[in-house]
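**Q** please work out how this folds:
(one chain, ligands or ions: 2)
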Amino acid sequence: MSVKISPRIKLAAKSEDRESTQVTVGDVLIGGEKIVVIAGPCSVESREQIIEAARAVKAAGASMLRGGAFKPRTLPYSFQGHGVKGLKMLAEARDETGLPVVTEVMDPADVKTVEDYTDVLQVGARNVQNYPLLKRLGEAGKPVLLKRGLASTVEEWLSAAEYILHGGNPDVILCERGIRSFGKLTRFTLDLAVVPLLKEVSHLPVVVDPSHGTGVRSLVSPMSKAAVAAGADGLIVEVHPNPEEAMSDGPQSLRPPEFMALMEELKPVARSVKRVVAGR
Ligand code: PEP
Ligand code: MN
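**A** Ligands and ions are numbered 1, 2, ... in the order given. This is a model prediction of the structure:
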């Protein structure tokens, strides 16, 4: 038996003439033979912090840098991100290291500005049903990393991708980042079965976020390896030079030496599924 999705999902669905899509970001190809690792802090906190993080993840072999400037926080009292100032710091880290960058955009009115500073536009889990944003991203000239919503079914998630594709932007990367379940010991439940499932029903590349998916530092490396074994095209991992001081998501952030070890451990796992970890 194989999985079938609604025939109303057209552009995100796999078909005979569209088996797989590769998204190009500078010199990085997502959805090809090479597994792409995106890494960096949850939030861009300062110029020094993002440059230090960028250098560390590059030294470990990451292909791209992540870092949030517009942060979707549960409470209004939490750090909301540095906004445009944060985008500028991120762009500086890119210039410094040559790593393409991924950052979140929440408001359709900010898409133009964020696009000017970043290489990939991230839609966060909380915004996967922000339809004005999805429509606006259909007109964007940069690829979109579309996270799964906290409670999105696969068809709802693919329907969100459909908005971006229908709007004219063919470059969508799906990102599994855990869904709500009943366990309290992890932040979310990382749904790894969705990786081979998406490979059956969609042509879009799939990356996995084991950081938000678990919320627990010690679980990030095991789940990263499991994601690669399950067929993910890439990973997005939170790495912070000093997680104890992080302004967001410190408890799930790897320290640079832990990330370095993970990058080594991924190699044989990638080989076992006839892939290689992209290097720089
Ligand atoms: C993030 O990437 O830092 C983030 C907020 O992720 P999510 O939208 O998956 O919670
Ligand atoms: Mn985070």
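**Q** in the stretch 101-250 of the chain, what residue is nearest ligand 2?
**A** residue 249 (3.7 Å; C-beta to the ion). Quick note: C-beta positions are derived from backbone N, CA and C, even for glycine.
**Q** that residue against residue 42, yeah?
**A** Yes: the criterion here is C-beta atoms under 8 Å, and residue 249 meets it with residue 42 at 3.7 Å.
**Q** between those two, what contacts are shared?
**A** When contacts are counted by C-beta atoms under 8 Å, 6 or more residues apart in numbering, residue 249 and residue 42 are jointly contacted by 211, 238.
**Q** name the residues that touch stretch 41-48?
**A** In contact with stretch 41-48 (C-beta under 8 Å, 6+ apart) are residues 49-50, 53, 66-69, 71, 79, 81-82, 86-87, 89-90, 92, 103, 211, 238-241, 246-249, 253.
**Q** that stretch near ligand 1 anywhere?
**A** Yes: interface with ligand 1: stretch 41-48 contributes residue 42 (C-beta under 6 Å from any ligand atom).
**Q** and that stretch, C-alpha only, in PDB?
**A** The C-alpha trace of stretch 41-48 is given here as PDB (Å, rounded to 0.1, in the frame of the first residue of the first chain):
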ATOM      1  CA  PRO A  41      21.600  30.300  16.700                       C
ATOM      2  CA  CYS A  42      17.900  30.700  17.200                       C
ATOM      3  CA  SER A  43      18.200  34.500  17.400                       C
ATOM      4  CA  VAL A  44      20.700  36.900  16.000                       C
ATOM      5  CA  GLU A  45      21.700  38.500  19.300                       C
ATOM      6  CA  SER A  46      24.700  40.700  18.400                       C
ATOM      7  CA  ARG A  47      27.200  41.200  15.600                       C
ATOM      8  CA  GLU A  48      29.900  39.300  17.600                       C
END
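**Q** can you pull the buried residues of that stretch?
**A** With burial defined by 16 or more other C-beta atoms under 10 Å, the residues of stretch 41-48 counted as buried are 41-45, 47.
**Q** and which of these is nearest to ligand 1?
**A** The shortest approach to ligand 1 among the buried residues of stretch 41-48 belongs to residue 42, at 4.5 Å (C-beta to the nearest ligand atom).
**Q** show me what contacts whatever residue of the chain ends up closest to ligand 1?
**A** Proximity of the chain to ligand 1 (C-beta to the nearest ligand atom) peaks at residue 124, 2.9 Å away. Contact partners of residue 124, counting by C-beta under 8 Å, 6+ apart, are 72, 104, 106, 147.
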